[in-house]
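K.L.:
here is a sequence with its predicted model. Questions after.
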Amino acid sequence: MLFDVGGTLMRGRPDVSPRELSLAQLVARFGPREWYGSLLDADLLTQMLADDPTEPMRQRTLEMVRRWLEAQAVSGEPVDLDELRRVAVVRGSVSGELAPGARDALVWCREHRLRTVLVSNTLWSASEDFLSDLGALGLEGLVDGVVTSHSAGFRKPHRAIFEAALAIAGVQARDAVMVGDEPYQDVFGAQQLGMRAVWLRPPEPRPRPVGEPSGFAVTPDAQIESLAEVGEVLERWLR
């Protein structure tokens, strides 16, 4: 079982601003600098996806940050880019909460002896950042691995991030199921490798994610309105 994170297993908290938390963490670690806010507001994702036309889903966060700093002529003490990235990460257990039915769906998978891997498009978070937060989210022992686009170097729907997840699970694509809320990133991404895909239909209107082609459409193998329906879908397929 492969699960998307943001919009699927996790939801943001309306009373929490990840930007302000990230800004506070940067100030606490490196001291005040004028450019933190501008960096957090920069559209690095759009620049990143346009950086390599032959591989539009390639992700190189640190390279984009380096270029941004050079373009802004940021001076002063040298900046360790990966440390900057780590400090900018806002943990999901702080900025968000589990979606209704998320833990129950993962427990169902564990009870049915299904290996579970989280597959998430992120800008700042590495796989180890997610793994270290599982306990605080109450998910310790329910997840076998995590792959983020930062760590994989490619964003969903690129096959590389799914292949990394399948390698952790130790299965071939035909023996895996992806659950996610994005038709392009999650459903299409999984199906192009031969996986089944379950679309968790999000509330309307659904914003089109960066990189999704205009007019894109795909047919999921199953469609659900809540994670509480995951077990019912999988029960049919397991039989």
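P.N.:
Looks like it arrived, so ask away.
K.L.:
okay, CA-based contacts and neighbour counts for the rest of this
P.N.:
Will do.
K.L.:
so which residues make contact with the top helix by length along the chain?
P.N.:
For the chain, the helix with the greatest residue count under DSSP state H is helix 18-30. For helix 18-30, the external contacting residues (Cα atoms under 8 Å, 6 or more residues apart in numbering) are Pro32, Arg33, Tyr36, Gly37, Leu40, Leu84, Val87, Ala88, Val89, Val90, Ser95.
K.L.:
center of the protein - which residue?
P.N.:
Ser120 (2.1 Å; Cα atoms, centre = their mean).
K.L.:
which residues touch that residue?
P.N.:
Taking Cα under 8 Å, 6+ apart as the test, what Ser120 contacts is Asp4, Val5, Gly6, Val146, Val147, Thr148, Ser149, Lys156.
K.L.:
among the residues you listed, which lie within helices?
P.N.:
Reading helices off those with DSSP H, I get Ser149.
K.L.:
closest to Arg113 among the contacts of Ser120?
P.N.:
Val146 (17.6 Å; Cα to Cα).
K.L.:
what's the nearest residue to that closest one if we skip its chain neighbours?
P.N.:
Leaving aside its sequence neighbours, Val146 sits nearest to Leu118 (Cα to Cα, 6 or more residues apart in numbering; 4.6 Å).
K.L.:
I'd assumed the one you found was in a strand, is it?
P.N.:
Yes - judged by DSSP: H, G, I helix; E, B strand; the rest coil, Leu118 forms part of a strand.
K.L.:
kindly state the beta-bridge partners for it.
P.N.:
Phe3, Val146 (DSSP bridges).
K.L.:
pretty sure it contacts Leu139?
P.N.:
No - taking contacts as Cα atoms under 8 Å, Leu118 lies outside contact range of Leu139: 11.4 Å.
K.L.:
what about those two, which has more around it?
P.N.:
For Leu118 versus Leu139, neighbours defined as other Cα atoms under 10 Å are more numerous around Leu118 (22 against 16).
K.L.:
what comes up buried for the worst-scoring helix or strand of the chain on mean pLDDT?
P.N.:
Every helix and strand of the chain was ranked by mean pLDDT, DSSP states H and E. The lowest is helix 44-49, at a mean of 90. Residues Leu44, Leu45, Met48, Leu49 are the ones in helix 44-49 that count as buried (16 or more other Cα atoms under 10 Å).
K.L.:
what sits up against the helix or strand that comes right after that helix?
P.N.:
From helix 44-49 onward toward the C-terminus, using DSSP states H and E, the following helix or strand is helix 61-71. The contact list for helix 61-71 (Cα under 8 Å, 6+ apart) reads Leu39, Leu44, Gln47, Met48, Leu81, Asp82, Arg85, Leu123, Trp124, His150.
K.L.:
repeat that for 10 Å
P.N.:
For helix 61-71, contacts defined as Cα atoms under 10 Å, 6 or more residues apart in numbering pick out 35, 38-39, 42-45, 47-48, 51, 72-75, 79-82, 84-85, 122-125, 149-151, 153.
K.L.:
filter those to the buried ones?
P.N.:
Looks like these have 44-45, 48, 51, 84-85, 122-125, 149-151 buried, using 16+ other Cα under 10 Å.
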